[in-house]
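>>> Quick one: sequence plus predicted model below, questions after.
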Amino acid sequence: GKSDVSLNAKLSDICPGTSAAPTYLPAHYFQTKDSEGNIRTFDLIDKGVAVNNPDVTLMGIAASTNISTKENMENLVKIGENLLKKPVSTMNFATSRHKEVKGEGTNEEALSRFAKLLSNERKLREANVAACSQNF
């Protein structure tokens, strides 16, 4: 979204796409416009269709979504903790390679920033609701 305004979609359009598993739910369709009015269309589906796990180096039991033993769950927690320490990256879906996003810090820092944005948005909405209800 920073370099291409047409990729700057609303969260209300992104979220439904994250759970649109094609075998159960249809793709979520929406459009965005760039500063010149050019339309870009999206048909979002659950990421699991394209990328079954967050780190393409997962192997064996760790790569399975069906093995929920205590040992595997503990191993997956460790893998997640290690992923949080890695730098923010983006994936080139044409090559399936990750590239670090300079200046974004670690995944943990990026998630913390995102959580803060969501928290601030909720506070703003609650304040707006309170202000509107006082007017009535």
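That came in fine, so what should we check first?

>>> quick one: secondary structure of the residue nearest to Ser64 when sequence neighbours are not counted?
Once flanking residues are discounted, Ser64 sits nearest to Asn72: 7.7 Å by CB to CB, 6 or more residues apart in numbering. Quick note: C-beta positions are derived from backbone N, CA and C, even for glycine. Per DSSP: H, G, I helix; E, B strand; the rest coil, the secondary structure class of Asn72 is helix.

>>> From here on, call the first residue 15.
Yes, from this point I'll number from 15; that puts the last item at Asn86.

>>> count of neighbours near Ala77?
Close neighbours of Ala77, defined as other CB atoms under 10 Å, add up to 13.

>>> And the strands in the chain?
Secondary structure of the chain (DSSP state E): strands located at 42-47, 53-58, 103-106, 111-114.

>>> what's near enough to touch Asn106?
By CB atoms under 8 Å, 6 or more residues apart in numbering, the residues touching Asn106 are His112, Lys113.

>>> How much space separates it from His112?
Taking CB to CB, to the nearest Å as the measure, Asn106 falls 8 Å from His112.

>>> next one: Thr120
14 Å.

>>> Render the CA-only coordinates of stretch 41-61 in CSV, please.
Taking Å, rounded to 0.1, in the frame of the first residue of the first chain, the C-alpha atoms of stretch 41-61 are listed here in CSV:
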residue,chain,number,x,y,z
ALA,A,41,-13.6,-16.0,-2.7
HIS,A,42,-14.2,-12.5,-1.3
TYR,A,43,-14.4,-10.0,-4.3
PHE,A,44,-13.7,-6.3,-4.0
GLN,A,45,-12.2,-3.4,-5.8
THR,A,46,-9.8,-0.5,-5.0
LYS,A,47,-8.9,2.6,-7.0
ASP,A,48,-5.6,4.3,-7.3
SER,A,49,-5.1,8.1,-7.2
GLU,A,50,-6.0,8.3,-11.0
GLY,A,51,-9.2,6.3,-10.6
ASN,A,52,-7.9,3.1,-12.1
ILE,A,53,-9.7,0.1,-10.7
ARG,A,54,-7.9,-3.0,-9.3
THR,A,55,-10.0,-6.1,-8.5
PHE,A,56,-9.3,-8.7,-5.9
ASP,A,57,-10.7,-12.2,-5.3
LEU,A,58,-9.2,-13.2,-1.9
ILE,A,59,-9.1,-16.7,-0.6
ASP,A,60,-7.6,-18.2,2.5
LYS,A,61,-3.8,-18.1,2.4
